[in-house]
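Asker: Build me a structure from this.
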Amino acid sequence: MRPVPNSLHDEVASRLRDQIFAGDLRPGSFLDEAALCERLEISRTPLREALKVLVAEGLLRHEPRRGCFVAEITDKDLDDLFPVIALLEGRAAHEATNKASGADVAALELLHQRLQQCAAEGRITEYYEANYAIHEAFITLADNRWLAQVIGDLRKILRLARHQTLHAPGRLQQSLAEHLAVFAALKARDSDAAEEAMRTHLLRQRDALRDIARNQQSRLTP
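Answerer: Reported below is the predicted structural model:
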């Protein structure tokens, strides 16, 4: 069944989505509908419509006769997802390179200067914000709503992993170099190089997650 469009269920879905991304609703946890209705001060109908939205997005899984659970992302999921989003964001960089105006390039220049400053000062939280803004800028410049929609959906799933790749040794400077390579290709109007550089950037994020997992395991191994 398709969710019934209304602002209340969208608001509820947004609140639950934020709680999932913040880790307040942890992967694998059961969503008690009665408790949620009481806490959110809503009836069952908008809650269930909101749950349908989040199931469709892949953030929740529904089990018949049991209810909804926060989705869990596995290593296999990450192995499957990163090559796909790398292809998609690579295509976004390709299209952005072909469509960016001089004013767009100037705006991107400012974003990359901010990124470099954050990296130089080790301000990781602000680096993530600048990094996100740059990715969003490329997607916006690509001006392809279907591409933007699919990338947005996959990004939501990847956020379930809740890993910060920049904490991997050397990853901050590597990430910066990758971004600068994409931007250099865009300024040179080399769409193929921009696409390849963006794909490399995304795939190296997956490599960084593997490094983090290995380091965590090694600390637990006698």
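
Asker: Only C-alpha atoms from now on, for both contacts and neighbour counts.
Answerer: Will do.

Asker: now the chain, which segments are flagged as low pLDDT?
Answerer: Where the chain drops to pLDDT under 70, the residues are 1-6, 162-164, 216-222.

Asker: okay, which residue is most central for it?
Answerer: Nearest residue to the geometric centre of the chain (Cα atoms, centre = their mean): R155, 3.1 Å.

Asker: May I ask which helix or strand encompasses it?
Answerer: Under the criterion of DSSP states H and E, R155 resides in helix 145-158.

Asker: who touches the spatially closest residue to V70 that is not a sequence neighbour in this structure?
Answerer: Excluding the flanking residues, the one nearest V70 by Cα to Cα, 6 or more residues apart in numbering is L60, at 4.5 Å. Applying Cα atoms under 8 Å, 6 or more residues apart in numbering to L60 gives the contacts L51, L54, C68, F69, V70, A71.

Asker: same thing but 10 Å
Answerer: L60 is in contact with 17, 20, 27-31, 51-54, 67-72, 157, counting by Cα atoms under 10 Å, 6 or more residues apart in numbering.

Asker: what does T97 give?
Answerer: 91, 105, 138, 141-142, 182-183, 185-195.

Asker: Give the other helices and strands that whichever strand or helix holds R214 contacts.
Answerer: Assessed by DSSP H and E, R214 sits inside helix 191-220. Identification of packing neighbours for helix 191-220 by 3 or more Cα pairs under 10 Å, 6 or more residues apart in numbering; DSSP states H and E yields helix 75-99, helix 171-187.

Asker: Just give me how far the longest one sits from the chain centre.
Answerer: The chain centre lies 11 Å from the centre of helix 75-99; the measure is Cα atoms, centre = their mean, to the nearest Å.

Asker: relative to helix 171-187, how tilted is it?
Answerer: Put simply, helix 75-99 runs at 30 degrees to helix 171-187, going by axes from the mean of the first three to the mean of the last three Cα atoms, to 10 degrees.

Asker: Which residues does the helix or strand just after helix 75-99 contact?
Answerer: Per DSSP H and E, the first helix or strand lying C-terminal to helix 75-99 is helix 102-120. With Cα under 10 Å, 6+ apart as the test, helix 102-120 has contacts from 96-97, 100-101, 122-131, 133-134, 137-138, 141, 172-173, 175-177, 179-180, 183, 186-187.
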